[in-house]
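1. Quick one: sequence plus predicted model below, questions after.
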Amino acid sequence: MTDTESVESRKLLEAAFFMSSEPMSLEKLSKIVGIHSLGYLKQLLLEVEKEYLHRGFHLVQTSEGWMFQVDNRFLNRVAKLTPYSDLPEGQKRCLALVAYKEPIKQSEIIRIQGNKSYAYIKQLSKKGLIKAERHGRTRVISLTQEFERYFGKDKESLKEKLVEKINRQEKEI
């Protein structure tokens with residue numbers, strides 16, 4: 001591959017990361033860029049990662065794939081610009097329930113939210129926001145460090161906000 005093609009491939013990767021709201025696997029990136037050598041693709045990803053090392057966001061590899069992620073130092077100040085648009089409402093409610101009652105049994109979440117919660121828990125776990133550990137016939141769900149990074153605040157302050165909001169809503173009823 002020529003230098004010009006390499007530069008164009010890196011630009012295409014950057015554009016894909018910019019447009020995508022979720023992490024992308026090597027296989028998906030390979031199809032987008034048209035590079036079938038995963039070794040060469042990884043090399044390009046490392047070049048992009050290095051290029052963005054000292055900026056306001058980085059290229060990171062998560063359990064789900066590669067994505068741009070805001071530097072933790074700036075997350076608090078910019079998090080309100082996109083209020084968690086990558087989380088569907090059901091997942092947000094499930095996550096709020098976990099944050100409010102942590103640790104909580106999966107069976108209790110299912111009882112409160114219904115069977116769709118199995119999918120919510122799976123997706124939230126895949127995003128790294130919660131962890132599910134076996135406990136007898138059910139699982140115990142709790143928050144992860146990624147949850148705090150994602151929301152830009154520690155879980156205790158987020159829980160306090162949830163309690164305040166619930167108390168306000170109860171007073172209105």
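-> In hand now; what should we look at?
2. For the chain, which segments count as helices?
-> Under the criterion DSSP state H, the chain carries helices at the ranges 3-19, 26-33, 38-51, 72-78, 89-101, 106-113, 117-126, 145-151, 155-172.
3. pLDDT weak spots in the chain?
-> Where the chain drops to pLDDT under 70, the residues are 1, 76, 79-86, 173.
4. Show me the domain layout of it.
-> As given by automatic domain parsing, the domain ranges for the chain are 3-70, 89-172.
5. can you put those in CSV and add mean neighbour count and distance to V78?
-> For every residue, glycine as well, the C-beta is placed using N, CA and C. Output for the domains of the chain, formatted as CSV (neighbours: other Cβ atoms under 10 Å; distance: least, Cβ to Cβ, whole Å):
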stretch, mean neighbour count, distance to V78
domain 3-70, 14, 6
domain 89-172, 16, 8
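6. what's the closest of those to R77?
-> Closest to R77 of these is domain 89-172 (Cβ to Cβ; 8.3 Å).
7. Return the distance of the closest one from the chain's centre.
-> 14 Å (Cα atoms, centre = their mean, to the nearest Å).
8. and the end-to-end length of it?
-> Domain 89-172 has an end-to-end distance of 22 Å (Cα to Cα, to the nearest Å).
9. With stretch 20-38 instead?
-> 20 Å.
10. Of all the helices of the chain, which one is nearest H58?
-> Comparing the helices of the chain by Cβ to Cβ, helix 38-51 comes nearest, at 7.0 Å.
11. how about the domains of the chain in TSV, adding distance to R77?
-> TSV is the format used below for the domains of the chain (distance: least, Cβ to Cβ, whole Å):
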stretch	distance to R77
domain 3-70	9
domain 89-172	8
